[in-house]
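J.: Dropping a prediction and its sequence here:
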Amino acid sequence: MKLLGAYASLEKAPVSNTFGRYLKAIREQKGISLNAVADFICVGLWQLALIEAEDHERLPDEVYVKGILRAYAKAIGVDPDDIVARYRLALNAYKLNARAEADILRSGKRSFPRMLLALGVLLAIVCGSLFSFYEFSGGRTGVAAGNNPTPVPPDIAWAEAAVPEIVPQPQASQVEYAPNKLHLMIEVVSETTINVQVDDQKYTKYRLEPNDEVQLEASRRFNLLISDADGVRVRLNGQPVNIPGESGQSVNLVLTQKDGHR
């Protein structure tokens, strides 16, 4: 199936905040499969699926998403600038919503100690009232007031989360590779930013300095978004991995089980 290399002239319309669903609608309208787009622009199929689903929580950094969006848009003949503008609107709306939810949670956390204090005061008042009532009743029935025990409000216990112990990572020479696993070693040559996805987990961002090392393990796949193709050296199950691209160029590298059994 032939992909479009340049976008056609379209009538200008107000920019919407939908970008992935819009790309999907145009792609399907033109009869282009998602596999064909992924092969054409050399991007993982699952990444394009995240873009079409507009899954901001699992998408990588903004700079990488914009690059993929431009390549995707050009591949199916859509204006890249329009798609990036749509993405920015959607991302801003997502961030505003996330910030609002965070503010609500923080407000709830601040009000929780006040609620506990209010409950404690109320409990003390109730206990005091009960004690006064028993004192009064005991005096009228001839029971000595001193025989009635004084109610004591329960203590409010506070606990602090334990600080996790930091366990030093073993040296590369001490690592024993488990069978049917992918073992990734990243050695940093120059200052580099890497976004790593292990299997289907969320991305983890690493800002790395020269001589840093990162060791990771996966069951099926690693996906690496490397800001500088010449900034790192990568080994998969002890074997060096060729990183295509020039110095300073961003690279998307997908490593699977077939790459780990050479």
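T.: Sure thing, it's come through.
J.: ok, then the element right after the one helix or strand Gly128 maps to?
T.: Assigned by DSSP states H and E, Gly128 belongs to helix 80-141. Next along the chain after helix 80-141, taking DSSP H and E as the criterion, comes strand 182-188.
J.: What is that next one packed up against?
T.: On a contact count with 3 or more C-beta pairs under 8 Å, 6 or more residues apart in numbering; DSSP states H and E, strand 182-188 meets strand 204-208, strand 213-218, strand 221-226, strand 232-236, strand 251-256. Quick note: C-beta positions are derived from backbone N, CA and C, even for glycine.
J.: right, and these - which one's nearest Ala75?
T.: strand 251-256 (14.8 Å; C-beta to C-beta).
J.: you'd agree Arg86 is up against Arg21?
T.: No - counting by C-beta atoms under 8 Å, Arg21 is not a contact partner of Arg86; they are 9.8 Å apart.
J.: Those two: who's more crowded?
T.: Arg86 (22 against 15; other C-beta atoms under 10 Å).
J.: if you compare the helices and strands packed on strand 182-188, which one is most tucked away?
T.: For these, average neighbour numbers computed from mean count of other C-beta atoms under 10 Å are highest in strand 221-226, which has a mean of 22.
J.: pLDDT averaged over it - what is it?
T.: Strand 221-226 carries an average pLDDT of 87.
J.: Run through the neighbouring helices and strands of that strand.
T.: Judged by 3+ C-beta pairs under 8 Å, 6+ apart, strand 221-226 is in contact with strand 182-188, strand 192-198, strand 232-236, strand 251-256.
J.: Tell me what angle that strand forms with strand 204-208.
T.: In terms of direction (axes from the mean of the first three to the mean of the last three C-alpha atoms, to 10 degrees), strand 221-226 departs from strand 204-208 by 40 degrees.
J.: strands paired with strand 221-226, and their directions?
T.: Taking DSSP bridges as the criterion, strand 221-226 sits next to strand 192-198 (antiparallel), strand 251-256 (antiparallel) in its sheet.
J.: Now render these as TSV, adding distance to Gln215 and mean pLDDT.
T.: Formatted as TSV, the strands paired with strand 221-226 follow (distance: least, C-beta to C-beta, whole Å; pLDDT from 0 to 100):
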stretch	distance to Gln215	mean pLDDT
strand 192-198	11	89
strand 251-256	14	86
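J.: got CSV for the ones you listed, with distance to Lys74 too?
T.: CSV is the format used below for the strands paired with strand 221-226 (distance: least, C-beta to C-beta, whole Å):
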stretch, distance to Lys74
strand 192-198, 23
strand 251-256, 16
